[in-house]
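A.B. asks: got a predicted structure plus its sequence, pasted below:
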Amino acid sequence: MAAAGPDTPSAADSSAGSALADPPPGTPDSAIPYLSTRYYITHLPERLREDFDRLYTAAAAFETSCKLPVRISGADAELLMMVLLYDCPEMFQISRNAEYQIWTVNGEVAEIEIPYSMPLSLYEKKLEQCEGLIRSIGEELQGLSDAEKERRVYDILAGTVSYETEKEDDGTAYGALIRHRAKCDGISLAMKWLMDSFGIPSLVLSGREAGDPRGHAWNSIMINGKYRDVDVTNDTREEGKLMNLYGAYNIDRSWIASIYPLTGVIADHFDVPPSGGMEESFHVLDGSFVPAGTDAADASFALFDRAYAEGGLARLQFEAEEDYRSFLESFEENTQNWFQTNVLGGSVLLNSLDAFRTVAVQVEFDGQEDT
């Protein structure tokens, strides 16, 4: 953020975000809904909580200018805006394209001007759409466990959202939930909004690959007492997609953070809870996780055996990069060997997700009997 003199405006980048509706029973009395599931808000330094509550109230009321009860530094103002956008998916009225402005007095931030992308009347209509959809999904998922709800919400978003970066609301939960077009931050915010509405703690995380100014966003969701990292964006709708790959479903954070180290505004201010290993990942539970050291031919035969038994579709995820590469390099040869061994003919389509060492095949077998 650029330095500012007394009583002078300065600009700061705003990022991505949006959140929820009426708090469920048991939520602490607060103007902020679903407070207990919002990690960044509840882990803010105590000295910033009064200012954040005021900022949230001002944004919800479409106040152009928010005077802070307690003056803070420019870095603290940036932190508050980040928390507002990352932890509150319902705040999709805040512009992602315009910069917010700060006013300083004696070098301290006394006021934040909030940019909006729509008038209050339009926001209320869009919020009603989001809340209606969330209620509908919630009714459908009544009686399910948290793990079952997480999986169903993942499948809903993966099956309805296409990746898009051209519109301002692509970075909002509204873009993902209602317009069904969003980029990673909008998809992650939609996931958080739905998890919040079911009382399941979740975070939106963001990281940036070296040399990539855009970065990436994903979720960390508490299931069975531990946070697991989930990246729905990898499975969103696209041409040629065979099936959901679940390459980044309840995985250890190292898989994602090795590509996208956590951004400074998160890593510098929050002791983000670690993710809980791979035991709850889709592929471990599904029996489709390939341990390190598995021979490529064995993996290929296991994949085609499964496809033959399960209607032509099957997936694998490899623990080790070298095994994944070996599988791809020998895939054509091993495919031919499997068909020859089983005296079958057919055609094969392959999808792969290099970042998470995951593959899927669709196989049409010649003359396969009903199983």
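C.D. replies: Structure's in. What do you need?
A.B. asks: measure residue 104 to residue 75 for me?
C.D. replies: Distance of residue 104 to residue 75, given as C-beta to C-beta, to the nearest Å: 12 Å. Heads up, the C-betas are built off the backbone N, CA and C, glycines and all.
A.B. asks: next: residue 269.
C.D. replies: From residue 269 to residue 75 the distance is 9 Å (C-beta to C-beta).
A.B. asks: with neighbour numbers in mind, choose between those two.
C.D. replies: Neighbour count, other C-beta atoms under 10 Å: between residue 269 and residue 75, residue 269 has more, with 19 against 14.
A.B. asks: how near is that one to residue 63?
C.D. replies: 25 Å.
A.B. asks: repeat that for residue 298.
C.D. replies: 63 Å.
A.B. asks: same check on residue 257?
C.D. replies: Using C-beta to C-beta, we find residue 257 at a distance of 37 Å from residue 63.
A.B. asks: end to end on stretch 100-116, go ahead and measure it.
C.D. replies: Distance across stretch 100-116, first residue to last, is 9 Å (C-alpha to C-alpha, to the nearest Å).
A.B. asks: where does the chain have low pLDDT?
C.D. replies: The model of the chain has pLDDT under 70 over residues 1-30, 213, 367-371.
A.B. asks: can you give me the strands in it?
C.D. replies: In the chain, the segments counted as strands under DSSP state E are 9-12, 65-72, 100-105, 108-113, 162-163, 181-182, 202-207, 216-223, 226-230, 249-251, 289-290, 313-318, 346-353, 358-365.
A.B. asks: what's the closest of those strands to residue 281?
C.D. replies: Closest to residue 281 of those, according to C-beta to C-beta: strand 249-251, at 4.7 Å.
A.B. asks: contacts for that closest one, please.
C.D. replies: With C-beta atoms under 8 Å, 6 or more residues apart in numbering as the test, strand 249-251 has contacts from 150, 154, 221, 223, 228-231, 275, 278, 280-283, 356.
A.B. asks: hey, where'd the helices end up in the stretch 101-250 of the chain?
C.D. replies: Along the stretch 101-250 of the chain, counting by DSSP state H, counting those that start in this stretch, helices occupy 120-140, 146-160, 173-177, 184-197.
A.B. asks: for these, please prepare a markdown table with the additional fields mean neighbour count.
C.D. replies: Listed next are the helices of the stretch 101-250 of the chain as a markdown table, based on neighbours: other C-beta atoms under 10 Å:
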| stretch | mean neighbour count |
| --- | --- |
| helix 120-140 | 14 |
| helix 146-160 | 19 |
| helix 173-177 | 30 |
| helix 184-197 | 29 |
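A.B. asks: now render those helices as CSV, adding distance to residue 364.
C.D. replies: Output for those, formatted as CSV (distance: least, C-beta to C-beta, whole Å):
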stretch, distance to residue 364
helix 120-140, 33
helix 146-160, 23
helix 173-177, 33
helix 184-197, 32
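A.B. asks: looking at those helices, which is nearest to residue 46?
C.D. replies: Closest approach to residue 46 among these is made by helix 184-197 (22.8 Å; C-beta to C-beta).
A.B. asks: quick revisit: most neighbours among the contacts of strand 249-251, which one is it?
C.D. replies: Using other C-beta under 10 Å as the neighbour test, the contacts of strand 249-251 are led by residue 230, with 30 neighbours.
A.B. asks: burial measure for the nearest residue to that one once chain neighbours are set aside, as a count.
C.D. replies: Once flanking residues are discounted, residue 230 sits nearest to residue 219: 4.7 Å by C-beta to C-beta, 6 or more residues apart in numbering. Residue 219: 25 surrounding residues under other C-beta under 10 Å.
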